[in-house]
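Undergrad: sequence and predicted model, in that order:
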Amino acid sequence: SSKKDTIWEKVKAKKKFEASPIVKSGFRLLMSLRSVTFSYGQSNNTTLPGFNPKPGNFGQDWGLNAPGLDFIFGSQDPDFRYRAARNGWISNDLRIASQFSQGKTTNFNIRAILEPVPDMRVEITMKRDFNITRSANFKFDTTGNFNDFRDLAAIESGTYSMTFNIFNTAFKDPNATFKEFVGSRYSIAKRLQNSNSFYSAGTDPKGFPKGYSGGQQEVLLYSFLSAYSGKSADRQKLQLFPSLPDMNWRITYNGLSKMELLKEYTSNVSISHSYSSVYSIPKYTTSVNYFPGLDSSGLIQPKYIVSSVVITERFAPLLGVDVTFLNSLTTSFSYNTDRSLNLAITNSQITESRNKEYTLGIGYRPRKLTIPFISARGRQTVLRNDINMRMDFSIRDNKTIVRKIDQSAENQPVNGNKVITIRPTIDYMINE
């Protein structure tokens, strides 16, 4: 009998590593990021009336060492006025009426460009601007034998704006959003009451926490931001000046012209969409009678008094299509919408403006166009440069509604119009 050798082979299969969908999405996002731009700017200024030393080279009075090298090189010490007074640099003339002021402006911007798929470009922007000015009548005061410099009627004031996303309510029934705003006031008031160690227990006649009525500034403001951003009242940050701005974006896609069906007739097909929204405080000032407890009217006054806040939202466009044909014909269509929300805190009302615009355009850019007129030499005139002819037709519908809080009357439009525009244009460059 023959002996047969049997060889056993053990093959160990190697298991391939499979990344999770979340990791894949993260890598895809990182690979699509093309550029990120970040900028932070700060500017400061100081105005001190009655300053006696005369500036010489580099703005310094070298004999008196005033205002000092630290100030020359940009120091904005808030106590600089007191140092100047101690050194005798300020006039003690009681007739000086100009105010001492120190201002600070900060600007924060982020811009990122992504290309998640070929021929698609996504631009994301975030922006925050904050300005504050501290001013006072800093002068020599002899009241009550004081006989020294001090601040009189000191206040803080400024402006604020940042990108703020209210996309969640852009296509929602405006009446429903307003009802959510009115209904969320109680939850906001309770949160404000619980966060204030100086509050008094109890409720007002309408059931709101004592000191935080339905018309109190902070209650109205945070309820407004909560309802129109689509957030729950329990998740709304109780900050007058939020530190982190929201995202705005612009999306364009040019890949349709590569489709077999379209590239035979078109050289470019572009689809665009853009969203921008900004929350702004036109003006704020410190409350003269600020105290964390109840005031004489039974309300808790905030540190800063704000008469109104504004949110402006724009889809420009919500949808835009631009097509360039091979025969130099161009067509475009865009649908733009915008709304402006103005909360008047002193009047307890919201003024809401909504605009819609449809635009249809057609253009033609012939090359070396022949003019059907014979010149003096008996030849037809041929334009050497390109001529751009375009016709745009648009319909814009505007409507403004005032919504009053705690009033049974229906919200009625107070203003509106419809504008139809036909705009023909012809551009020709005579010479280069």
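TA: Yes, it's here. Note that the structure is a prediction, hence the values are computed from the model and not measured. Numbers count the residues shown, from 1 in each chain.
Undergrad: so which residues of the stretch 51-200 of the chain form strands?
TA: All strands of the stretch 51-200 of the chain, identified by DSSP state E, counting those that start in this stretch, fall at 100-114, 120-141, 148-163.
Undergrad: want to throw these into JSON lines with mean pLDDT, mean neighbour count and distance to S91?
TA: In this view, the C-beta of every residue, glycine as well, is placed from N, C-alpha and C. Below are the strands of the stretch 51-200 of the chain laid out as JSON lines (pLDDT from 0 to 100; neighbours: other CB atoms under 10 Å; distance: least, CB to CB, whole Å):
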{"stretch": "strand 100-114", "mean pLDDT": "95", "mean neighbour count": "17", "distance to S91": "13"}
{"stretch": "strand 120-141", "mean pLDDT": "94", "mean neighbour count": "18", "distance to S91": "8"}
{"stretch": "strand 148-163", "mean pLDDT": "92", "mean neighbour count": "16", "distance to S91": "10"}
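Undergrad: can you put these in a markdown table and add distance to N336?
TA: Shown next, in a markdown table, are the strands of the stretch 51-200 of the chain (distance: least, CB to CB, whole Å):
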| stretch | distance to N336 |
| --- | --- |
| strand 100-114 | 22 |
| strand 120-141 | 18 |
| strand 148-163 | 19 |
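Undergrad: out of these, which comes closest to S39?
TA: strand 100-114 (4.7 Å; CB to CB).
Undergrad: ok, that closest one: who's next to it in the sheet?
TA: Applying DSSP bridges to the sheet, strand 100-114 is found paired with strand 33-47 (antiparallel), strand 120-141 (antiparallel).
Undergrad: nearest to S184, out of those strands?
TA: Between S184 and the strands paired with strand 100-114, the shortest gap by CB to CB is with strand 120-141, which sits at 24.8 Å.
Undergrad: just the CA atoms of that closest one, as CSV, please.
TA: In CSV, the C-alpha atoms belonging to strand 120-141 read as follows (Å, rounded to 0.1, in the frame of the first residue of the first chain):
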residue,chain,number,x,y,z
MET,A,120,-20.9,72.1,-5.0
ARG,A,121,-19.6,75.0,-2.9
VAL,A,122,-20.9,75.8,0.6
GLU,A,123,-19.9,79.0,2.3
ILE,A,124,-20.6,79.4,6.0
THR,A,125,-20.3,82.7,7.9
MET,A,126,-20.5,83.7,11.5
LYS,A,127,-20.3,87.2,12.8
ARG,A,128,-20.6,89.1,16.1
ASP,A,129,-20.2,92.9,16.7
PHE,A,130,-20.2,94.4,20.1
ASN,A,131,-19.8,98.1,21.1
ILE,A,132,-19.8,99.6,24.6
THR,A,133,-19.1,103.2,25.6
ARG,A,134,-18.7,104.3,29.2
SER,A,135,-19.3,108.0,29.8
ALA,A,136,-19.7,110.4,32.6
ASN,A,137,-19.3,114.1,33.5
PHE,A,138,-15.9,113.7,35.2
LYS,A,139,-15.3,117.1,36.7
PHE,A,140,-14.3,118.9,39.9
ASP,A,141,-17.2,118.8,42.3
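Undergrad: got the angle between that strand and strand 148-163?
TA: On the basis of axes from the mean of the first three to the mean of the last three CA atoms, to 10 degrees, strand 120-141 is oriented at 170 degrees to strand 148-163.
Undergrad: what's the spacing between strand 120-141 and its chain's center?
TA: 13 Å (CA atoms, centre = their mean, to the nearest Å).
Undergrad: for Y40, what are its contacts?
TA: Y40 makes contacts with 106-109, as judged by CB atoms under 8 Å, 6 or more residues apart in numbering.
Undergrad: any idea how far it is from I110?
TA: As judged by CB to CB, to the nearest Å, Y40 and I110 stand 10 Å apart.
Undergrad: same deal with I345?
TA: Distance from I345 to I110, by CB to CB: 30 Å.
Undergrad: then L238?
TA: Counting by CB to CB - L238 and I110 are separated by 25 Å.
Undergrad: which helix or strand in the protein has the lowest average pLDDT?
TA: Least confident helix or strand of the chain, by mean pLDDT, DSSP states H and E, is strand 370-374 with a mean of 63.
Undergrad: SS state for S274?
TA: strand (DSSP: H, G, I helix; E, B strand; the rest coil).
Undergrad: bridged to it, which residues?
TA: Beta bridges link S274 to R250 when assigned by DSSP bridges.
Undergrad: how many neighbouring residues does it have?
TA: A total of 19 residues lie near S274 under the criterion other CB atoms under 10 Å.
Undergrad: all further residue positions should be reported with the first residue as 12.
TA: Sounds good: first residue 12 from here, last item S285.
Undergrad: distance of it relative to R261?
TA: Applying CB to CB, the value for S285 to R261 is 4 Å.
Undergrad: cool, S254 as well?
TA: 24 Å.
Undergrad: so the two - more neighbours on which side?
TA: Neighbour count, other CB under 10 Å: between S254 and R261, R261 has more, with 16 against 10.
Undergrad: what's the pLDDT at that one?
TA: Looking at R261, its pLDDT is 97.
Undergrad: check contacts around F141.
TA: Going by CB under 8 Å, 6+ apart, F141 touches 116-117, 169-171, 252.
Undergrad: is it true that A212 touches K221?
TA: Yes. When contacts are counted by CB atoms under 8 Å, A212 is listed as touching K221 (7.0 Å).
Undergrad: closest to Q228 among the contacts of Y51?
TA: Nearest to Q228 among the contacts of Y51, with distances taken as CB to CB, is T117, at 23.9 Å.
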